[in-house]
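**Q** here are the coordinates; sequence isn't available:
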């Protein structure tokens, strides 16, 4: 750590050095900036062209669909997938499990990272800028790049479970969880309406958001009424729950789901 | 009272006429001087290509601003017609697909460039005294840029947009104390609906861009005021404590030393 006098002296020297030995911004540096800007615009145009040329509306191309089906709060065949640059944040949620430590993933870790980032110039008050003399900075940046890279990669490659694939698992669920016939309609519903995009059930599903495993939901003894109330408005019985409301399913289907969940005892 | 004018050549007269608007502007605003100062200010002689990442980020932002203005001319922030207006832009409007594609992918490029630019500043140690404030402004710009991504994602009003935002807002709600309040402000009620879309649209194209533009202005002002950092590995880095103070600038004893052969060292 250098004293403020030392840092002031060095900045005065910087100003003097630039005055005596520097070169004007125009034309050299400005030329570099202009070339780089043209490259950036070309890349953006290139991506737009590749996107449009290989995709067709809701048919995905090299860079995905141009648009998905219209938003519909009544259907649940959705995958809550954020844009790729949020994967690292989203995937954190799978490390911290609901409900005990999810707050660490949604608020804790991002806040700590942000505070650390803002604190960088106040923690590192040395005047040294050569990388070979800044081992802490090097290790920190390598760790940040690796962890963000791994989280982004994990988020990008997380498998999405298709409703048609999930339905094929229902017979296995009936066998392993010894589901009574009354629970079968609920099981089919559960497999198709998107529950498995967040929750897992006997090894299927999981998605991005690290929602609890529901294989043994019935052994918690919460009861049908609780399950229905929870599906209608998760946050009303489970404060702060990030799960969306499924009230639009209607009473009959909500009841079927609740029966299925209560009959799920964890495959024992 | 005729003051004798010095005779002027035709060329000088033409120059005076051409420069008159600039002189007029300079006399009333000082803007010409400001631009001259910006263009001809000295920067260290050893700046390199890594240091173009900042202006590259600015370019990506400008692409977002321009394509965003065009998209706003065709987009309708209403749940009943938002999706159709996106389809209309993509399929019917002349070059609409290009403008939308540039906005969609320009967002990714903008965010990547912000991270690259930040990595450059970090590895060059360019956040150090007296540039701490500019680092903080940069971090704020990064956060605001990410929020632009979050709010823009909902606007196409398709399934992906809708459900990612439902979960995104709900995750916000898990935050302590202000979490649930923030969620209901973002939603504009207890459900995602017309109010949410209008709210996100307004935040996306008015609130955040205004904040970002203001901070970019401040960011650039500080860059110009404090100067650009030399690469740390440079042999002639400006103001570097690790470089010997005394450089033999000019061999002062000219004439006393033997003339050196071409390409040879002076000493």
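**A** Looks like it came in fine. Just so you know, these numbers come straight off a predicted model, no measurement behind them.

**Q** do a quick rundown of the strands in the stretch 1-150 of chain B.
**A** With strands called from DSSP state E, counting those that start in this stretch, the stretch 1-150 of chain B shows them at B:42-43.

**Q** low-confidence ranges in it?
**A** Scanning the stretch 1-150 of chain B with the threshold set as pLDDT under 70 gives B:1-7.

**Q** so what's the residue count around residue A:149?
**A** Using other C-beta atoms under 10 Å in any protein chain shown, residue A:149 is surrounded by 11 other residues. Every C-beta, even on glycine, is put in place using the N, C-alpha and C of the backbone.

**Q** actually, residue A:134.
**A** Residue A:134 sits with 19 neighbouring residues when counted by other C-beta under 10 Å.

**Q** same check, this time on residue B:171
**A** Using other C-beta under 10 Å, residue B:171 has 23 other residues around it.

**Q** isn't it right up against residue A:106?
**A** Yes: counting by C-beta atoms under 8 Å, residue B:171 sits close enough to residue A:106 to count as a contact (5.0 Å).

**Q** wait, doesn't residue B:111 sit right on residue B:143?
**A** No: under the criterion of C-beta under 8 Å, residue B:111 makes no contact with residue B:143, lying 11.3 Å away.

**Q** comparing those two, which shows the higher neighbour count?
**A** Between residue B:111 and residue B:143, counting by other C-beta under 10 Å, residue B:111 is the more crowded of the two (21 against 14).

**Q** what about that one, distance to chain A?
**A** 5 Å (C-beta to the nearest C-beta, to the nearest Å).

**Q** what of residue B:116?
**A** Separation of residue B:116 from chain A (C-beta to the nearest C-beta): 11 Å.

**Q** what sits against that residue?
**A** Each residue near residue B:116 by C-beta atoms under 8 Å, 6 or more residues apart in numbering or on different chains is listed here: residue B:53.

**Q** now list whatever residues contact both of residue B:171 and residue A:106.
**A** Listed as contacting both residue B:171 and residue A:106 by C-beta under 8 Å, 6+ apart are A:93, A:242.

**Q** which secondary structure state does residue A:265 sit in?
**A** With DSSP: H, G, I helix; E, B strand; the rest coil as the basis, the three-state label of residue A:265 is coil.

**Q** so who does the closest residue to residue B:57 other than its chain neighbours touch?
**A** In space, and not counting its chain neighbours, residue B:57 is closest to residue B:113: 4.2 Å by C-beta to C-beta, 6 or more residues apart in numbering or on different chains. Residues in contact with residue B:113, defined by C-beta under 8 Å, 6+ apart, are A:40, B:53, B:56, B:57, B:60.

**Q** which among the residues you listed gets closest to residue B:125?
**A** Taking C-beta to C-beta as the measure, residue B:125 lies nearest residue B:53 of these, at 15.5 Å.

**Q** the closest one and residue B:114 touch, don't they?
**A** No: look at residue B:53 against residue B:114 with C-beta under 8 Å: they stay out of range, at 9.1 Å.

**Q** which of these two has more neighbours?
**A** residue B:114 (24 against 21).

**Q** hmm, residue B:142 and that one touching each other?
**A** Yes: shown here, residue B:114 and residue B:142 form a contact pair, counting by C-beta under 8 Å, at 5.2 Å.

**Q** show me the helices in the stretch 151-268 of chain A, by range?
**A** Using DSSP state H, counting those that start in this stretch, the helices of the stretch 151-268 of chain A run over residues A:163-167, A:170-176, A:184-192, A:224-232, A:234-237, A:251-263.

**Q** list the buried ones in the shortest one?
**A** In this case it means helix A:234-237. For helix A:234-237, burial by neighbour count (16 or more other C-beta atoms under 10 Å in any protein chain shown) applies to A:234, A:235, A:237.

**Q** show the pLDDT at whatever residue of the stretch 151-267 of chain B ends up closest to chain A.
**A** Per C-beta to the nearest C-beta, residue B:239 is where the stretch 151-267 of chain B lies closest to chain A, at 2.5 Å. Per-residue confidence (pLDDT) for residue B:239: 88.

**Q** check residue B:201 too.
**A** What the model reports as pLDDT for residue B:201 is 97.

**Q** quickly find the element holding it.
**A** helix B:194-202 (DSSP states H and E).

**Q** tell me where the stretch 151-267 of chain B has strands.
**A** Under DSSP E, counting those that start in this stretch, the stretch 151-267 of chain B gives no strands.

**Q** which intervals of it have sub-threshold pLDDT?
**A** B:244-267.

**Q** which bits of it sit near chain A?
**A** Residues of the stretch 151-267 of chain B that fall close to chain A, judged by C-beta under 8 Å from any C-beta of the partner chain: B:153, B:156-164, B:166-168, B:170-176, B:179-180, B:191-192, B:227-229, B:232-233, B:236-242.

**Q** ok, back up a step: least reliable of the helices of the stretch 151-268 of chain A going by mean pLDDT?
**A** Going by mean pLDDT, the lowest-scoring of the helices of the stretch 151-268 of chain A is helix A:163-167, which has a mean of 76.

**Q** which residues touch residue B:115?
**A** Applying C-beta under 8 Å, 6+ apart to residue B:115 gives the contacts residue B:142.

**Q** any stretches of chain A with poor pLDDT?
**A** Chain A contains residues with pLDDT under 70 at A:1, A:76-79, A:97-100, A:159-162, A:206-210, A:240, A:267-268.

**Q** all set, thanks.
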